[in-house]
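**Student:** prediction below, plus the sequence it came from.
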Amino acid sequence: MLKKAKRQLIKPTRRKVLKLGMAATGAALFTPFIHRSWANTVEINMLSWYGLAEPDMVEEFEAQHNVKFKPKYYAGGDNMLAALSQSPPGTFDIIHTDAEYARILIDRGDLIDELNPSDYPYDDMLHDDFTKFPGHWKNGKLFSVITRFGHLGVSYNKEHVSAEEAMSYNVFWNPKLKGKVGHFDWHLPSLGEISLLNGNNNPGPFDISASAWGKVKEKTLSLKPQVKGFFDYGGTFSSLKNAEIWACVGIGDWVTGVLEKDGAPVGSVVPKEGGIQWTESYSIVSTSKKKDIAKKYIQYSLTPAGQVRSAGMKAYPAFAVTKSGMKALQEQKPDEAKRTGQMPGVPNNPITLIKEGRIHYRDIPQQQSLEEWNEFWSEYKNA
Amino acid sequence: MASKTSKGLTWYAATWRLPNLVWQFLFFVVPLAFLFYLSFWLVRNYRMVPGFDSVNWVKMLSKDYFWDAYYFTFCMALVATVITSCIAFPCSYGLAFKTSNATRRWAIFFLIIPFFTSYLVRIYSWQVILAENGVINAALGYLGLNPFIMLNTVVGTLVGYLTLALPLVVILQTLSLSNIDRSLIGAAENLGCGRLRVVFTVIIPLAKIGLIVGAVFCFILSFGDFVSPYYLGGSKPPTLSILIIDTTKSGQQWPRAAVVAVSMILTLLVVAFAAVTAAYRKRT
């Protein structure tokens, strides 16, 4: 038996040789077409916060347009600027960034393209502010298109902090939270929230005088005995999840929403002193050679389908910016719409909160330098 | 016969040394020189501008938070070095003198295994173990004891430093102790030395170079580590590595971060040279 098999292997029949030959010829003939098909897949290089180019966000668009997103993720607007500065022209096609950093991109003059507002559904925006969002426009020209936003306030562990206690930033100073307060390790949201607690809501928490800034610093330093640590996204996530911290300054549903959906007893509220809004947008890089497809992706991200994906993004959820997007979310993911207040008539509806004047858009310091705020942050961490 | 370039150095030896010298020059000296040069650059409108201005040095060295971070980092690295060396020595002693060659080989192999996994992954694992509701505190809870706060404290940071350096220090110490001439130990014992005296007057002096090199490695790794103080120490207070991140995070102040980095490298050079000098100093 074994001998027979061996003989067959060594001395193949003519039929087998012909079959093998045809298969090899077929493979040789079709390989170039397979290769060409792959080559036709356009690669879009995206510079963004983590998660924006993951399959849950882009797979549908990739399949529809035969494109493949190649992300470079950053953490923080300054890292984005650094990545951009250190990369040769043409490295990126599309940039996803926060409004305050979109302004810096625009101010540099040659980094991102002017966009045509009529290409995007500005008549479908949920709030008038979104149609002329500060930082996205310059001299009446559009450079960056809003796609998602979220609110920052008090994030807390529901087993140790009540919803009533969480309705004021003063909860961070509550004696029962000694050594249980965490900071997201970025000065802008944390200091902005303490600025709001100090009553700096007109014109806003980031536009404060020297004396108000002095009081913000004083108030912040008084919080240090309560502080457990300063964490990045992963650290904040795990500290809240394993109850190392019971309250966190400078974050919102973008962190607790992921944990909440996973069953953790955590939540976020916009307290009575007001909340801070982070606002993300897309821009097309001037040196890109794929501007048309980049524009199509921005348009897609504002369709109801794109907005639903954005609202439920696995890395960090956000609010929809278009009316049709929010409506689609209510129809397709009613639980998520309810959890995040994206329903008509509920008090924590994000648009209602903006209209009530309780939300302030995150910004860079207006009367002090960014460096001054950052230096104080280092001093505070060492205090 | 190989021609001599200078006293005792042949062309043959020089050729073999050349790749190492070229490597060190290209990947240590040149980047270090550039880092030093970078510390004199300026940042304007979020862009680095080449220049030669001492403003970054003046600014950073005049800040209390820089010196606070410096002393904290130095002290933590020193404490980690002392603790690691003290924990490692009995283990290395046992491996060098009390075990068979085969056992020692297996032990060294197992000490190398932790390096197969990412240091960051090992640190994340420690978070689960050290957390207030983690494995250790759960065990303490069964014994009726209150939780011991370890995560996001200096204890957590030290655990991270030991995770990083202890296996390496044990290996270095074991190799050093294994090479001690046993007849010298036998001679000391024959002359009436007790066990402890043999350790302190014969073994430690003979293994001095290996012990100091192990300690220096521990200090260097701990002094420059970012992961443990951030993920197990909660960045409270920050170390110099965290200060570098903080400095670059806002306003793209890479030149000021370069000042911190150069300060760290200078400190490590001084410590390493002092340690190596001490290690090779002849007994008078």
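**Tutor:** Perfect, I can see it now.
**Student:** what helix or strand is residue A:156 on?
**Tutor:** Taking DSSP states H and E as the definition, residue A:156 sits inside strand A:145-157.
**Student:** output that strand in PDB with nothing but the alpha carbons.
**Tutor:** Presented in PDB, the C-alpha positions along strand A:145-157 are these (Å, rounded to 0.1, in the frame of the first residue of the first chain):
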ATOM      1  CA  VAL A 145     -16.000  70.200  10.100                       C
ATOM      2  CA  ILE A 146     -17.600  69.300  13.400                       C
ATOM      3  CA  THR A 147     -18.500  65.700  13.700                       C
ATOM      4  CA  ARG A 148     -18.900  64.800  17.400                       C
ATOM      5  CA  PHE A 149     -18.700  66.300  20.900                       C
ATOM      6  CA  GLY A 150     -19.000  65.400  24.500                       C
ATOM      7  CA  HIS A 151     -19.400  67.000  27.900                       C
ATOM      8  CA  LEU A 152     -17.000  67.000  30.900                       C
ATOM      9  CA  GLY A 153     -18.100  67.400  34.500                       C
ATOM     10  CA  VAL A 154     -18.100  65.200  37.500                       C
ATOM     11  CA  SER A 155     -17.400  61.500  36.900                       C
ATOM     12  CA  TYR A 156     -18.100  59.300  39.900                       C
ATOM     13  CA  ASN A 157     -18.600  55.900  41.400                       C
END
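**Student:** name the helices or strands packed onto that strand?
**Tutor:** With contacts taken as 3 or more Cβ pairs under 8 Å, 6 or more residues apart in numbering or on different chains; DSSP states H and E, strand A:145-157 sits against helix A:187-197, strand A:247-252, helix A:253-261, strand A:266-269, strand A:275-284, helix A:291-301, helix A:304-311, helix A:350-355. (Glycine included, C-beta is placed from N, CA and C.)
**Student:** show me what secondary structure element comes after that strand.
**Tutor:** strand A:181-184.
**Student:** show me the shaky parts of chain B.
**Tutor:** For chain B, the stretches with pLDDT under 70 are B:1-9, B:250, B:283-284.
**Student:** gap between the residue in it that chain A sits nearest to and residue A:304?
**Tutor:** Closest approach between chain B and chain A, counting by Cβ to the nearest Cβ: residue B:234, at 2.2 Å. According to Cβ to Cβ, to the nearest Å, residue B:234 stands 42 Å off from residue A:304.
**Student:** just residue A:237 next, same as before
**Tutor:** Distance of residue A:237 to residue A:304, computed by Cβ to Cβ: 29 Å.
**Student:** swap in residue A:215?
**Tutor:** 45 Å.
**Student:** comparing those two, which shows the higher neighbour count?
**Tutor:** Each of residue A:215 and residue A:304 has its neighbours counted (other Cβ atoms under 10 Å in any protein chain shown); residue A:304 has more, 19 against 16.
**Student:** does the residue nearest to the more buried one when sequence neighbours are not counted belong to a helix, a strand or coil?
**Tutor:** Leaving aside its chain neighbours, residue A:304 sits nearest to residue A:328 (3.6 Å; criterion: Cβ to Cβ, 6 or more residues apart in numbering or on different chains). What DSSP: H, G, I helix; E, B strand; the rest coil gives for residue A:328 is helix.
**Student:** run through the residues of the stretch 251-383 of chain A sitting next to chain B.
**Tutor:** Within the stretch 251-383 of chain A, the positions near chain B by Cβ under 8 Å from any Cβ of the partner chain are A:369, A:370, A:371, A:373, A:374, A:375, A:377, A:378, A:379, A:381, A:382.
**Student:** PyMOL command for the buried members of those?
**Tutor:** Restricted to buried positions by 16 or more other Cβ atoms under 10 Å in any protein chain shown, the PyMOL selection for these reads:
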select buried, chain A and resi 370+371+373+374+375+377+378+379+381+382
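**Student:** show me the residues of the stretch 251-383 of chain A next to chain B that map onto helices.
**Tutor:** A:370, A:371, A:373, A:374, A:375, A:377, A:378, A:379, A:381, A:382 (DSSP state H).
**Student:** which residues of the stretch 101-250 of chain B lie near chain A?
**Tutor:** Listed as neighbours of chain A in the stretch 101-250 of chain B under the rule Cβ under 8 Å from any Cβ: B:124, B:127-128, B:131-134, B:149, B:151-152, B:230-231, B:233-238, B:242-243, B:246-250.
**Student:** filter those down to the buried ones.
**Tutor:** B:124, B:127, B:131-132, B:134, B:149, B:151-152, B:230-231, B:233-238, B:242-243, B:246-250.
**Student:** off-centre distance for stretch A:113-123?
**Tutor:** 21 Å (Cα atoms, centre = their mean, to the nearest Å).
**Student:** in it, which residues are buried?
**Tutor:** Of the residues in stretch A:113-123, those buried (16+ other Cβ under 10 Å) are A:113, A:115, A:120, A:121, A:122.
**Student:** three-state assignment of the closest residue to chain B within chain A?
**Tutor:** Nearest residue of chain A to chain B: residue A:229, at 2.2 Å (Cβ to the nearest Cβ). Secondary structure assignment for residue A:229 (three-state DSSP): strand.
**Student:** equivalent analysis for the one 10 residues further on, please.
**Tutor:** Three-state assignment for residue A:239 (three-state DSSP): helix.
**Student:** need the contact list for it.
**Tutor:** Residues in contact with residue A:239 (Cβ atoms under 8 Å, 6 or more residues apart in numbering or on different chains) are A:182, A:228, A:229, A:231, A:245, A:248, B:152.
**Student:** ok, residue A:285 next?
**Tutor:** A:92, A:93, A:94, A:95, A:111, A:112, A:113, A:294.
**Student:** recalculate using a threshold of 10 Å.
**Tutor:** A:45-47, A:84, A:87, A:89-95, A:105, A:111-113, A:291, A:294 (Cβ atoms under 10 Å, 6 or more residues apart in numbering or on different chains).
**Student:** with residue B:223 instead?
**Tutor:** Residue B:223 neighbours (Cβ under 10 Å, 6+ apart): B:73-74, B:76-78, B:80-81, B:161, B:239-241, B:264, B:267-268, B:271.
**Student:** same thing with residue A:342?
**Tutor:** Going by Cβ under 10 Å, 6+ apart, residue A:342 touches A:126, A:311, A:319-320, A:325-327, A:329-330, A:333-334, A:336, A:348-351.
**Student:** next one: residue A:260
**Tutor:** Contacts of residue A:260 (Cβ under 10 Å, 6+ apart): A:158, A:253, A:266, A:267, A:268, A:317, A:339, A:340.
**Student:** which non-adjacent residue is nearest residue A:160?
**Tutor:** Nearest non-adjacent residue to residue A:160 (Cβ to Cβ, 6+ apart): residue A:246, at 4.3 Å.
**Student:** in this structure that neighbour contacts residue A:162, no?
**Tutor:** No. Counting by Cβ atoms under 10 Å, residue A:246 does not reach residue A:162; the two are 11.3 Å apart.
**Student:** neighbour-wise, which of the two wins?
**Tutor:** A count of neighbours by other Cβ under 10 Å puts residue A:246 above the other of residue A:246 and residue A:162, at 24 against 11.
**Student:** got a pLDDT number for that one?
**Tutor:** Turning to residue A:246, the model gives it a pLDDT of 97.
**Student:** can you check residue A:120 too?
**Tutor:** With respect to pLDDT, residue A:120 has a value of 97.
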